[in-house]
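Asks: What shape does this take:
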Amino acid sequence: MDGTQREKYLRIALVLVGLLFIFGLYPLISQWQSGWRWQPVQYEFEFMMLGVYGTLGVFLLIASRNPKSHKSLIWFTVWSSIVHGAIMGVEAVIDPVERGHLAGDVPALFLIAIVLALLMPRGTKAET
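Replies: Presented below is the predicted three-dimensional model:
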């Protein structure tokens, strides 16, 4: 895949992930509770996570206009998704009540990280 195609698909991925973070997380939490809601329910925690991810979603939409100018934000999304998914995965393995997350938000976070990382521009030349 050449750089132009990669950037096109990166832009699409950024829009999709941004929209998911803004509009998709709440329905997932409320409708697929075993895969997205931690037990016991902690609404304050959920609202905080929705606020943080919703804000990140807005910035990913902005980054989709010119991904090369927002590399650090995109890499933050990649690495924070890996860290978040890994911590959640360990917690879901340790606590049997949370095992549903291994089929819900844990793989979703890893998928987001993998897709964005694979679509990031390649090369070592400094950009001007």
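Asks: Could you count how many residues lie near Thr103?
Replies: Rather than Thr, residue 103 is Ala. The number of residues packed near Ala103 is 13, by other Cβ atoms under 10 Å. Where C-beta positions appear, they are placed from N, C-alpha and C, glycine not excepted.
Asks: Please name the nearest non-neighbouring residue to it.
Replies: Spatially, and ignoring its direct neighbours in sequence, Ala103 is nearest to Gly35 (5.6 Å; Cβ to Cβ, 6 or more residues apart in numbering).
Asks: Return the residues in contact with the one you found.
Replies: Applying Cβ atoms under 8 Å, 6 or more residues apart in numbering to Gly35 gives the contacts Leu28, Gly100, His101, Ala103, Gly104, Asp105.
Asks: where does this protein have low pLDDT?
Replies: Applying pLDDT under 70 to the chain flags the ranges 123-128.
Asks: mind redoing it with 50?
Replies: Flagging of the chain using pLDDT under 50 yields the residue ranges 126, 128.
Asks: Now do the helices in it.
Replies: For the chain, the helices defined by DSSP state H cover 3-19, 25-31, 33-36, 43-65, 71-94, 105-119.
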